[in-house]
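Undergrad: output the structure for:
(chains A and B)
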Amino acid sequence: MEFMNKSTSNGVLLEEPTLFERSRPGARGTSIPTCDVPKINASAKFGNAFRKNTARLPEVSETEVVRHFSRLSTWNYAVDFGIFPLGSCTMKYNPRHNEEIARSGEISNAHPYDPEEWTQGHMAIIHDLTEDLKKILGMEDVSLQACAGAHGEYTGLAMIAAYERSKNRNRRTILAPDTSHGTNPASAAMAGFRIQQIVTGEDGVLHPDTVRAAMTDDVVCLMITNPNTIGFFEKNVKEFAEILRAKDAFLYIDGANLNAIMGIVRPGDFGCDVIQLNLHKTFSTPHGGGGPGSGPVGVSSRLVPFLPIPRVEKAGNKFVMQYNKPQTIGRVKAFFGNYGVMVRAWAYIKSLGSEGLRAVSENAIINANYLKAKLSNVLAVPLQNANLHEIIFNDNATKVGGLDTTKIAKRLIDYGMHPPTMHFPLCVKNAIMVEPTETEDRTELDRFVNAVKEIVSSGDTGAAPVRVFREKIDEAKAARELKLKYNFNR
Amino acid sequence: MSFPKDFLYTKEHEWIKVEGGKATVGITAHAVEMLGDIVHVEMPKVGAKFKQGDSFGTVESTKTVSDLYMPAGGTVLEINTELKNAPEKLVEDPHGKFWIAKLSVEEAPKNLLDQPAYEKHVAEDAHH
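TA: Next up, the predicted model:
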């Protein structure tokens, strides 16, 4: 086990009660000054809305709160600890440089109600990021307002619905392949469409004949991810665009995997009409934890009139917030979107430049293919094709010996690594999807390779993980007997 | 793995046994094996009406959540309450004791697979 990561939280493993269990009557984190305004009779004033019992909040000191959450954070695993090869998620390291800029007082103290003459610098950043993303994507225009990838999907699809209304049409079917991200059908349903699934070819990509055969008069859009979830480039994408344009329908590209093609090809050049980005994936903004996020949407000329408002526009030598867009779908987020996240992406783009961004994708591809070369005689590779930034293995070669996908993933935790994505995409049985990203160096990639090799060669199928705070968790029992409620009466 | 000869099957691995105007619906042993540890079965409501191909519930395992598709159009007469309370039992007898729903069949099911065709479908599926 010499590859085991010994850097995190061995030795000071502290058991952690909940804040409710820690609660002591009278403990406080702040001193509230004596009330110096006249008291009112709140129950008389608010009637039934006045609560009779005080809220059961834990009473703890500031030190206890800080230590509680800091200790819990050491039970966690993050990309700042080591490789986080979750396929389809692009868990890359975020340069500290981005944080430094986003947290500077000039940026973080801005208020959305500041008058325009005070916020010209911020508007310049929003405008500049919009222009940079237009160039990177090859799209006619970009909106930064949506606050997550799936929100970007919804925004893009809402624009397609608005386009349909403007033409007095109501086509409702969206085609999506069986490899699509789970958010695609959900976003489509939210925007009032219905998804029709189409089947990926044996070679792991979608074929024009499949699309052509599915094109009824009700089809308004084809929604694909390129490169797709299997990590292959949809090489027939230009032909899909032609098939769709002939019917005034749209090609939606889920930009979740832009990390594989940035600076190499532009979605706009292969016929894309709508694309959403996940700044937390490709453009190194904080990932996970429920946000805040940002999901910019790029559109082709047909959809420009429908972009959300306000738009930052340049008028002479100053920037203005433009609300006068008669065909807009309106707002999709309060104010201007998650500006702090935009600043991080802007800093990332500016620090790398166009050559650097291309190098990001090239290295992401090289790293994935390095893992494929090193592990293809250890784990099965069920789909053979030219891989881009991620690679799918499965347990076909090891399952007979009792080492299935779940066991391999759990054992990796004992080597101090986050497991890859498991059992996704659904079109591959017991998939193990690995996306190392460009930010892992060869030493870290080798640590991963050696861990997988040792897991497979040891043939040990005992319960894992054991080198964690909670050992050998039975995920089936946990799901069947889920207990989410704290029992105040125990 | 064997599949009953008197059942009809969907490509999505549901089975149906039609007897007169009534039918019993479940998922196949192959589906159960693919899903792994089953943790939850979302059942339809008794009295709910479905068309063939409609989603009428879900099966959740530690790997994934899968929709259940109606092999025939009809109205739900009964659901397997034992399964609702103990979803992990599905693995014990998916073609028998642990059916999912009973229906009154209102439209004759179309394009279903018979047992040899379903066996072939499962064998082809195994290549991926």
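
Undergrad: by mean pLDDT, point me to the weakest helix or strand of chain B.
TA: Ranking every helix and strand in chain B by mean pLDDT, DSSP states H and E puts helix B:81-85 at the bottom, with a mean of 89.

Undergrad: quick one: mean pLDDT for stretch A:350-359?
TA: When pLDDT is averaged over stretch A:350-359, the result is 97.

Undergrad: swap that for stretch B:25-34, please
TA: Per-residue pLDDT over stretch B:25-34 has a mean of 95.

Undergrad: re earlier: check whether the least confident helix or strand of chain B comes near chain A.
TA: No - using C-beta under 8 Å from any C-beta of the partner chain, helix B:81-85 stays clear of chain A, with a minimum separation of 10.5 Å. Yep, even glycine has a C-beta here, placed from its N, CA and C like the rest.

Undergrad: so what's residue A:348 closest to, chain neighbours aside?
TA: residue A:284 (4.8 Å; C-beta to C-beta, 6 or more residues apart in numbering or on different chains).

Undergrad: the one you found in helix, strand or coil?
TA: The three-state label given to residue A:284 by DSSP: H, G, I helix; E, B strand; the rest coil is coil.

Undergrad: and what of residue A:320?
TA: strand.

Undergrad: please apply the same query to residue B:41.
TA: Using three-state DSSP as the criterion, the local structure at residue B:41 reads strand.

Undergrad: can you check residue A:213 too?
TA: helix.

Undergrad: partner strands of the helix or strand harbouring residue A:197 and their direction?
TA: Element membership of residue A:197 [criterion: DSSP states H and E] is strand A:194-198. If you go by DSSP bridges, strand A:194-198 pairs up with strand A:173-177 (parallel).

Undergrad: tell me the residues of chain B that contact chain A?
TA: So far as C-beta under 8 Å from any C-beta goes, chain B lies against chain A at B:34, B:36, B:37, B:39, B:40, B:60, B:62, B:63, B:64, B:87, B:88, B:128.

Undergrad: by pLDDT, give me the weakest of those.
TA: residue B:128 (53).

Undergrad: so the nearest residue to residue A:223 once chain neighbours are set aside: helix, strand or coil?
TA: Spatial nearest neighbour of residue A:223, chain neighbours left out: residue A:252 (4.2 Å); criterion: C-beta to C-beta, 6+ apart. Following three-state DSSP, we place residue A:252 in the strand state.

Undergrad: tally of neighbours for residue A:252?
TA: 28 (other C-beta atoms under 10 Å in any protein chain shown).

Undergrad: also residue A:423?
TA: Residues near residue A:423, counting by other C-beta under 10 Å, number 22.

Undergrad: give the contact list for it.
TA: Applying C-beta atoms under 8 Å, 6 or more residues apart in numbering or on different chains to residue A:423 gives the contacts A:405, A:430, A:431, B:63, B:64.

Undergrad: same check, this time on residue A:482
TA: Per C-beta under 8 Å, 6+ apart, neighbours of residue A:482: none.

Undergrad: how close does it sit to residue A:20?
TA: In this view, residue A:482 and residue A:20 are 19 Å apart by C-beta to C-beta, to the nearest Å.

Undergrad: do residue A:237 as well
TA: Taking C-beta to C-beta, one finds residue A:237 at 54 Å from residue A:20.

Undergrad: looking at those two, which one has more neighbours?
TA: residue A:237 (23 against 14).

Undergrad: so that one sits against residue A:270, correct?
TA: Yes - with contact defined as C-beta atoms under 8 Å, residue A:237 reaches residue A:270; the gap is 4.8 Å.

Undergrad: pull up the overlap in contacts between those two.
TA: Residues touching both residue A:237 and residue A:270 by C-beta under 8 Å, 6+ apart: residue A:226.

Undergrad: what is the longest helix along chain B packed up against?
TA: Longest helix of chain B, by residue count under DSSP state H: helix B:115-125. Applying 3 or more C-beta pairs under 8 Å, 6 or more residues apart in numbering or on different chains; DSSP states H and E, one finds that helix B:115-125 makes contact with strand B:8-9.

Undergrad: quick one: contacts of the strand it packs on?
TA: B:3, B:15-18, B:28, B:71, B:109, B:112-115, B:117-118, B:121.

Undergrad: and the residues you listed, which two are the farthest apart?
TA: B:18 and B:121 (19.4 Å; C-beta to C-beta).

Undergrad: show me the shaky parts of chain A.
TA: Applying pLDDT under 70 to chain A picks out residues A:1-14, A:288-291, A:490.

Undergrad: who in it is up against chain B?
TA: Near chain B, when you scan chain A using C-beta under 8 Å from any C-beta, you find A:382-383, A:406, A:422-424, A:426-430, A:475-476, A:479-480.

Undergrad: any chance of a PyMOL selection covering the buried ones in these?
TA: Buried members of these, defined by 16 or more other C-beta atoms under 10 Å in any protein chain shown, are picked up in PyMOL with:
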select buried, chain A and resi 382+383+406+422+423+424+427+428+429+430+476+479+480
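
Undergrad: please check the residues of chain B next to chain A and keep the buried ones.
TA: By 16+ other C-beta under 10 Å, those give B:34, B:36, B:37, B:39, B:60, B:62, B:63, B:64, B:87, B:88 as buried.

Undergrad: ok, residue A:422 - contacts?
TA: Counting by C-beta under 8 Å, 6+ apart, residue A:422 touches A:405, A:406, A:409, A:430, A:431, A:432, A:433, B:63.

Undergrad: now residue A:308: how far from residue A:190?
TA: From residue A:308 to residue A:190 the distance is 16 Å (C-beta to C-beta).

Undergrad: before we move on, back to that, adding secondary structure and distance to residue A:36, write the contacts of residue A:422 out as TSV.
TA: Output for the contacts of residue A:422, formatted as TSV (DSSP: H, G, I helix; E, B strand; the rest coil; distance: C-beta to C-beta, whole Å):
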residue	secondary structure	distance to residue A:36
A:405	helix	64
A:406	helix	61
A:409	helix	59
A:430	coil	66
A:431	strand	64
A:432	strand	64
A:433	strand	61
B:63	coil	60
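
Undergrad: and these, which two are the farthest apart?
TA: Greatest spacing in the contacts of residue A:422, by C-beta to C-beta: A:406 and A:433 (13.8 Å).

Undergrad: leaving out the residues flanking it, which one is nearest to residue B:110?
TA: Per C-beta to C-beta, 6+ apart, closest to residue B:110 is residue B:52, 6.8 Å.
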